[in-house]
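Peer 1: no sequence for this one, just the structure:
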């Protein structure tokens, strides 16, 4: 211990303290401050970048979910539209069918009527023809029958006989 | 160096050695138990060992 | 030349010089052996090894690069005025004996590595323990250690200034910064923040970083063969520990001082506290000084012990002088050198760590 104290060099102590204190101040100004500052700012930057990435990730997720929702909505809309289209189609077909039916019925009715008319006209014509023919036949027959006085007399007699005067 | 001095120095070395050995052994055990806390245990171990060492050296110089 | 080239160059220089210095010591021992008898030889060899170790650990007035190659440094003495002269005047260049230096009418002489005031004849008065009783001038010479400290400070300054400059253009470290930045971050994240706390750590960062790199680099420099172990000098570690102590006291907040003088707080009435405090407060105050003292002693003793052990083992090679010793001890030296590399970093870490711990107690606020 005494050896340590006797060996103690105060000159070395003074120089060491002086040089070391100066070194601390020099390094503080020229080294530690810029180094620590830039390291800190770099760390801050990394932290911020990570945070931003996290945020972007979240945003992506929310975007994805909103996309999903949008897609679902679109799908629903499409379904509705398809359904509507189908309905319209069905209605159109149904409408067409009914109109066709009505038209057909109309046509059929008109046809029936015209057939009826034709028939009636034909019948009338036939009737007229038959009547003319009958008259002609009757005329001929009558001419034949009433050619002689005897015959006329016989008919009258006959008719008179037939008339039953009761 | 006289004989009592040498004996004293020997005793100091034995004491300090035992102390540091105990710290080291306990630290090893603790690290094996909790490997995740190895860093903290190591730091605490070094500090404790350094303190014993300091006392040991101080005593050695006194001897 | 860039830093990379310089470091390569210095590495090669170190390797070359270390081989050179070992070769030199070998030769001198060989010479010794020839001139003495075997018993005397062993004793003198042991003495020489001890002297070499002592010399290696000691500060000196000139900077010895390798055995016999050295350059002088200025000697500055305050002794009724300033005396400045070159350290080459202190020793005779050929005989390596100390010579008497005359400066402004005063005479100085080197005795066991220290400068003493003497007369024109150069008499050194000795007491019964062979200690010189001559007056010692106040010595603020640029010794080998001071020179190393200044050199290392310049190196650290330019190294970190260069590193800081690289950040201006790019936010990522480049060159040496790639290696140093993780260490800077380690000091911040593993030493400063856990011990001082997120809130106050910033104002201590300058000191902690500086002291960490300063101690670490000086420890590493001490492992070079120049014998510039600055951190195994008690004056240096005392200065470092004193700065930690002063910063702790000057940044101590109310809680810190309350803990010192009123450790029990409101847990008991003041009447009961008085007798306890007669015992507690002196212990607390003692603890205040024990902390930097242990810091100082720890660093000093670790570095000194490492050097002594390493050099003793190298010395053992020359003591045993057989094939087993000369193969086994270099291997052991290599292993211990590797251990010393670890210790160099570990001691810097522990010094910084404990400093941060003490700052933490000082900066702590009431909770």
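Peer 2: Sure, I can see it. A quick note: this is a predicted structure, and the numbers were derived from the prediction, not measured.
Peer 1: for the closest residue to chain B within the stretch 201-350 of chain C, which non-adjacent residue is spatially closest?
Peer 2: Closest residue of the stretch 201-350 of chain C to chain B, CB to the nearest CB: residue C:294 (3.3 Å). C-beta coordinates here come from the backbone N, C-alpha and C atoms, glycine included. Spatial nearest neighbour of residue C:294, chain neighbours left out: residue B:54 (3.3 Å); criterion: CB to CB, 6 or more residues apart in numbering or on different chains.
Peer 1: isn't the one you found up against residue C:291?
Peer 2: No: contact between residue B:54 and residue C:291 fails when scored by CB atoms under 8 Å: they sit 9.1 Å apart.
Peer 1: more neighbours, those two?
Peer 2: Neighbour count, other CB atoms under 10 Å in any protein chain shown: between residue B:54 and residue C:291, residue B:54 has more, with 24 against 21.
Peer 1: so the more buried one belongs to a helix, correct?
Peer 2: Yes: per DSSP: H, G, I helix; E, B strand; the rest coil, residue B:54 lies within a helix segment.
Peer 1: tell me the contacts of it?
Peer 2: By CB atoms under 8 Å, 6 or more residues apart in numbering or on different chains, the contact list for residue B:54 reads C:294, C:295, C:297, C:298.
Peer 1: ok, those residues vs residue A:78, which is closest?
Peer 2: residue C:295 (80.3 Å; CB to CB).
Peer 1: the closest one touches residue C:356, doesn't it?
Peer 2: No: Residue C:295 is beyond contact range of residue C:356, at 11.8 Å (criterion: CB under 8 Å).
Peer 1: skip the chain neighbours and tell me the closest residue to residue C:251.
Peer 2: In space, residue C:251 is closest to residue C:362, 5.1 Å off (CB to CB, 6+ apart).
Peer 1: for that neighbour, give me phi and psi.
Peer 2: Residue C:362 has phi and psi values of phi -70, psi -40 when expressed as degrees, to the nearest 10.
Peer 1: count of neighbours near residue C:170?
Peer 2: Neighbours of residue C:170 (other CB under 10 Å): 11.
Peer 1: quick one: contacts for the residue of the stretch 51-200 of chain C found nearest chain A?
Peer 2: Closest contact between the stretch 51-200 of chain C and chain A, by CB to the nearest CB, is at residue C:160 (3.5 Å). The contact partners of residue C:160, taken as CB under 8 Å, 6+ apart, are A:27, A:30, A:31, A:32, A:35, C:180, C:213.
Peer 1: quick check, pLDDT for the fourth one.
Peer 2: It stands for residue A:32. pLDDT, residue A:32: 89.
Peer 1: isn't it right next to residue C:206, touching?
Peer 2: Yes: counting by CB under 8 Å, residue A:32 does reach residue C:206; the two are 5.1 Å apart.
Peer 1: so what does the longest helix seen in chain A touch, helix or strand wise?
Peer 2: If you go by DSSP state H, chain A has its longest helix at helix A:33-145. Contact here means 3 or more CB pairs under 8 Å, 6 or more residues apart in numbering or on different chains; DSSP states H and E; on that basis helix A:33-145 packs against helix C:144-169, helix C:176-186.
Peer 1: the last one close to chain B?
Peer 2: Same thing as helix C:176-186. No: Helix C:176-186 does not reach chain B (CB under 8 Å from any CB of the partner chain); its nearest approach is 11.4 Å.
Peer 1: by contact count, what packs against that helix?
Peer 2: Packing contacts for helix C:176-186, counted by 3+ CB pairs under 8 Å, 6+ apart, involve helix A:33-145, helix C:144-169, helix C:202-222.
Peer 1: which of those helices sits most buried?
Peer 2: helix C:202-222 (a mean of 22; mean count of other CB atoms under 10 Å in any protein chain shown).
Peer 1: return the distance of that one from the chain's centre.
Peer 2: 13 Å (CA atoms, centre = their mean, to the nearest Å).
Peer 1: for stretch A:25-42, same thing?
Peer 2: Between the centre of stretch A:25-42 and the centre of its chain there are 71 Å (CA atoms, centre = their mean).
Peer 1: start and end of it, how far apart?
Peer 2: The first and final residues of stretch A:25-42 sit 24 Å from each other (CA to CA, to the nearest Å).
Peer 1: stretch C:79-91 now?
Peer 2: 21 Å.
Peer 1: need the contact list for residue C:285.
Peer 2: residue C:260.
Peer 1: name the element it belongs to?
Peer 2: Element membership for residue C:285, per DSSP states H and E: helix C:270-320.
Peer 1: okay, the angle between that helix and helix C:202-222?
Peer 2: 20 degrees (axes from the mean of the first three to the mean of the last three CA atoms, to 10 degrees).
Peer 1: against residue C:157, how distant is the residue of chain B found nearest chain C?
Peer 2: Residue nearest to chain C within chain B: residue B:54 (3.3 Å; CB to the nearest CB). Here residue B:54 is placed at a distance of 31 Å from residue C:157 (CB to CB, to the nearest Å).
Peer 1: again with residue C:365
Peer 2: Residue C:365 sits 34 Å away from residue C:157, taking CB to CB as the criterion.
Peer 1: what's near enough to touch residue A:116?
Peer 2: Here residue A:116 is in contact with no residue (CB under 8 Å, 6+ apart).
Peer 1: do residue C:339 as well
Peer 2: residue C:306.
Peer 1: Three-state assignment for it, please.
Peer 2: Going by three-state DSSP: residue C:339 is helix.
Peer 1: mind listing what's buried in stretch C:281-295?
Peer 2: C:291, C:292, C:293, C:294, C:295 (16 or more other CB atoms under 10 Å in any protein chain shown).
Peer 1: burial of the residue nearest to residue C:131 when sequence neighbours are not counted, as a residue count?
Peer 2: Leaving aside its chain neighbours, residue C:131 sits nearest to residue A:6 (7.9 Å; criterion: CB to CB, 6+ apart). As a burial measure, residue A:6 scores 9 neighbours (other CB under 10 Å).
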